[in-house]
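> Fold the following.
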Amino acid sequence: MNFAKITLLSGMLTLLRLLCGFFISKVIAIYTGPSGMANLGQLQNLITFINGFVSSQVSQGINRYSSEYKQNYDEAKYYWRAAVKLSSIACFFIIFIGVSFSPLISNYLFNNEVYFWIIITALSVVPLNVINNIFLGVLNGLGDHNKFFLANACTILSSVISMVLLVYYFGLVGALISAAINNAISGLLLIIIVRKCEWFKLTYWFGAVSSKHTKEMRNYFLMGVIGAVTGPISLICVRSIISSSLSQEYAGYWQAVFKISEAYLAVLTTALTVYYFPKTAAAKTIDEYLSTLKIGGMVVVPCAIIFSCIIFFGKDIIIHILFSQEFIQARTLFLYQNVGDFFRISSWLFATILLAKGYFKINAILEIIFSLLFPLLTKLFIPEFGFPGVSLAYLVTYFLYFLVAIAIYTLHLNKLRAVNEFGL
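Residues are numbered from 1 along each chain as shown. Okay, the predicted model is just below:
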């Protein structure tokens, strides 16, 4: 029932995110066209890279240890301090490097250097992005779902307001500015929401921290670095391959379809993050693992099938409503994309165990392999299958990841069974 409740709340939140996200996409499609959509996607992937580098997976560690020590802030604080320490070092490094090479980054992302100041703007607000990610991890781990969902709702509404206003007045430049500062606005709003919480004290976040706690959080930090280097850069490479093989307009068509996937999968990923990850992290027996998996599967798999079918059969209406007739060629991508979405979300039911139980090396290897595989298959498939080849590459990538995730999950249960039966 708790998972169903959280999934329902996630669904309401994601419905809001869908409506706002689609509204933003419509505005961007009208005012900037497919090329503008592609440029915005490039910047958003860069920001995802930055956030992943400094704090994204650290927030997962915060989630885990906040959940384990929710009744003992004096123990949890050492993990919180370690997270702040590591993220601060990462912030300094990424800001220094990013500002120094901002013209080169702008040229790679947008094929010119004139938007270097957008890169600097995005980097200047990174500390607030860190605050947003870490504090959301605390709320999630402590089970304070009311504030967690409130903070996310405020984030969505503030982003749509800033995006629409800036796009209306400044066009593509406004869209890029909004994308650069949205997470920072979220961080400020989150500080206001949690300012009266008991754990919101400087003594919990700044002070001495042992090497043990730092090492534990460093594993999550390193996973964030790997995820930041692989995931967003993989998408940037895919977009660049489409642009060079076909055109930037086709990259915009693919970006539109990929954004639809991200939007409707968000309801399930939010539920998995808020409920499923802490439950998997806390599981100790085979029965607990299988019970959690069963509950997750009963909710996630049917929803994934239903959502995918709705998106596929309603693709023409969706394109017309959310974008414009300029994007009609995107309809050829939906079949492979939607099947790939199903395997992607289903794989997370099994892959969650990688971070929940500390399989950091295996997770790192898989991140690197499959992030390389997607653009590689895209490069191979586009000459063979044309534009739909990019979505076929997506499908093949996540089908293989699904199989690997099941194998690792099974191996973990077998290892646990051996320990219980033979004390190995």
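
> Identify all contacting residues around stretch 335-352.
Outside stretch 335-352, the residues that touch it by C-beta atoms under 8 Å, 6 or more residues apart in numbering are 257-258, 261, 264-265, 268-269, 272, 276-277, 280, 293, 296-297, 300-301, 304-305, 307-309, 311-312, 363, 366, 388, 391-392, 394-395, 397-399, 401-402, 405-406, 408-409. (Glycine included, C-beta is placed from N, CA and C.)

> so of those, which ones are in helices?
257-258, 261, 264-265, 268-269, 277, 280, 293, 296-297, 300-301, 304-305, 307-309, 311-312, 363, 366, 391-392, 394-395, 397-399, 401-402, 405-406, 408-409 (DSSP state H).

> so how far is whichever strand or helix holds Ile118 off the chain centroid?
Assigned by DSSP states H and E, Ile118 belongs to helix 116-124. Put simply, helix 116-124 sits 21 Å off its chain's centre (C-alpha atoms, centre = their mean, to the nearest Å).

> which other helices and strands contact it?
Helices and strands touching helix 116-124, by 3 or more C-beta pairs under 8 Å, 6 or more residues apart in numbering; DSSP states H and E, are helix 2-51, helix 73-100, helix 102-110, helix 172-194.

> Contacts made by the shortest one with the rest, please.
It stands for helix 102-110. Residues from elsewhere that reach helix 102-110, judged by C-beta under 8 Å, 6+ apart: 39, 42-43, 46, 98, 112-120, 123, 236.

> Alpha carbons of it, as CSV, please.
Output of helix 102-110 as CSV, limited to C-alpha atoms (Å, rounded to 0.1, in the frame of the first residue of the first chain):
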residue,chain,number,x,y,z
SER,A,102,33.8,27.5,-21.7
PRO,A,103,34.5,28.7,-25.3
LEU,A,104,35.5,25.2,-26.3
ILE,A,105,32.6,23.6,-24.6
SER,A,106,30.2,26.1,-26.3
ASN,A,107,31.7,25.3,-29.6
TYR,A,108,31.3,21.5,-29.1
LEU,A,109,27.7,21.8,-27.9
PHE,A,110,26.3,24.5,-30.2
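
> rank the helices and strands packed on helix 116-124 by mean pLDDT and give me the bottom one.
The minimum mean pLDDT among these belongs to helix 2-51 (a mean of 71).

> what's around Ile306, how many residues?
10 (other C-beta atoms under 10 Å).

> Leu411 too?
Here the number of neighbours of Leu411 (other C-beta under 10 Å) works out to 13.

> so which strand or helix has it?
Assigned by DSSP H and E, Leu411 falls in helix 389-422.

> In that helix, which residues are buried?
Within helix 389-422, the residues that count as buried by 16 or more other C-beta atoms under 10 Å are 389-402, 404-405, 408-409, 412, 416.

> how close does the residue most central in space within the chain get to Leu104?
For the chain, the residue nearest the mean C-alpha position is Thr48 (7.4 Å; C-alpha atoms, centre = their mean). Thr48 sits 19 Å away from Leu104, going by C-beta to C-beta, to the nearest Å.

> Please indicate which of the contacts of helix 102-110 are buried?
Asn39, Gln42, Leu43, Leu46, Gly98, Tyr115, Phe116, Ile118, Ile119, Ile120, Leu123, Ile236.

> from the chain's centre, how far out does the helix holding Leu411 sit?
Its chain's C-alpha centre and that of helix 389-422 lie 20 Å apart, by C-alpha atoms, centre = their mean.

> ok now do Met37, which residues does it touch?
By C-beta under 8 Å, 6+ apart, Met37 lies in contact with Ser25, Ile28, Ala29, Gly252, Gln255, Ala256.

> How about residues contacting the helix holding Ile118?
Residues outside helix 116-124 that contact it (C-beta under 8 Å, 6+ apart): 43, 46-47, 50, 94-95, 98-99, 102-103, 105-106, 173, 176-177, 179-181.

> Can you classify Tyr250 by secondary structure?
With DSSP: H, G, I helix; E, B strand; the rest coil as the basis, Tyr250 sits in helix.
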